[in-house]
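>>> Predicted model follows, preceded by the sequence.
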Amino acid sequence: MKYHILRLIILPFFLLGCAESVSRDDNPKILAIGDSLLASHRISNKSITNSVEDKLDKPVIDRSVMGARILYSLPISGSMGMSISKQYKAGDWDWVILNGGGNDLWLGCGCILCNRKINRLISDGGQTGAIPKLISKLRGSGAQVIYVGYLRSPGVGSIIDHCRNEGDELERRIDTFAQKDEGVYFLSLADLVPFGDRTYHGVDMIHPSIKASRAIGELIAGIIEP
């Protein structure tokens, strides 16, 4: 019951994260797709991708949507961005900034069958699953890919801490996959937040604060232009 109530509360918020059009006169080369980690603070122009734009002085098309998942089968809302793979639009992209998987674990498995859900996302060896399939599609377009991990809340805790071990395992597998392709970068945020520091999270202790969004954007920009 609690799981269904959470879905009713959170899923409507994807309407706040309307995907950005890919048509721009300045021929953007950087695309971002994912969930609320990227979409947070976009309305105030203080999101992670806004930080990347500021640091690089280059446009970033941000099509991320709050609540989006890697595994998503509903056609209408999926095409509106709830499916991360469907956020992708073909273009002459040099880089794709990507994140996802957190909503699949926290909301998608209802705290049961977590291992099965992780295996559907990415296998133990990091070679098969929905995430490698999506990254391979992006790499096939010629783009380099930065897969961004999730924030931790050491010494503070949050309502999704019960998924910590599963999240760590998911990111370990993604990192394993990334190490086998020079065009794929896994950006871990596991050590970004100092112990007991609440300033890197919003009031829900899940989503990034403006401070964190700025810091993460700067890390991404450092990968794109070392």
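Right, received. Where do you want to start? Numbering: from 1, shown residues only.
>>> which residues does the most centrally placed residue in the chain contact?
Nearest to the centroid of the C-alpha atoms of the chain, with distances taken as C-alpha atoms, centre = their mean, sits N99, at 2.2 Å. N99 makes contact with G34, D35, L37, L38, S64, Y147, V148, G149, Y150, according to C-beta atoms under 8 Å, 6 or more residues apart in numbering. Using the backbone N, CA and C atoms, a C-beta is placed for each residue, glycine as well.
>>> now L71
Applying C-beta under 8 Å, 6+ apart, we find L71 in contact with D104, G108, K117, R120, L121, A130.
>>> Against T176, how distant is it?
Using C-beta to C-beta, to the nearest Å, L71 is found at 20 Å from T176.
>>> re the thing from before, of the contacts of L71, which one scores lowest on pLDDT?
Taken together, the contacts of L71 show their lowest pLDDT at G108, with 46.
>>> secondary structure class for I135?
Following DSSP: H, G, I helix; E, B strand; the rest coil, we place I135 in the helix state.
>>> That one contacts Q144, doesn't it?
No. Shown here, I135 and Q144 do not form a contact pair, counting by C-beta atoms under 8 Å, at 10.5 Å.
>>> And the two? Which one has more around it.
Between I135 and Q144, I135 has the larger neighbour count (other C-beta atoms under 10 Å), namely 21 against 17.
>>> For that one, which non-adjacent residue is spatially closest?
Take I135 and drop its neighbours on the chain: the residue closest to it by C-beta to C-beta, 6 or more residues apart in numbering is V145, 5.5 Å away.
>>> Would you mind giving me the confidence score for that neighbour?
Confidence at V145, expressed as pLDDT, is 98.
>>> Strand partners (parallel or antiparallel) of the helix or strand containing it?
Assigned by DSSP states H and E, V145 belongs to strand 144-148. According to DSSP bridges, strand 144-148 forms sheet pairs with strand 95-98 (parallel), strand 184-187 (parallel).
>>> ok, back up a step: from the contacts of N99, list just the buried residues.
Buried members of the contacts of N99, counted by 16 or more other C-beta atoms under 10 Å: G34, D35, L37, L38, S64, Y147, V148, G149, Y150.
>>> Go ahead and confirm G196 touches S153.
No. If you go by C-beta under 8 Å, G196 and S153 don't touch, sitting 9.3 Å apart.
>>> which of the two has more neighbours?
Each of G196 and S153 has its neighbours counted (other C-beta under 10 Å); S153 has more, 19 against 9.
>>> Distance-wise, check that one relative to K117.
On the measure of C-beta to C-beta, S153 and K117 end up 22 Å apart.
>>> What sits closest to A215 if chain neighbours are left out?
Closest residue to A215 apart from its sequence neighbours, by C-beta to C-beta, 6+ apart: L192 at 6.6 Å.
>>> ok, that neighbour touching R214?
No. Applying C-beta under 8 Å as the test, L192 and R214 come out as separate, 11.6 Å apart.
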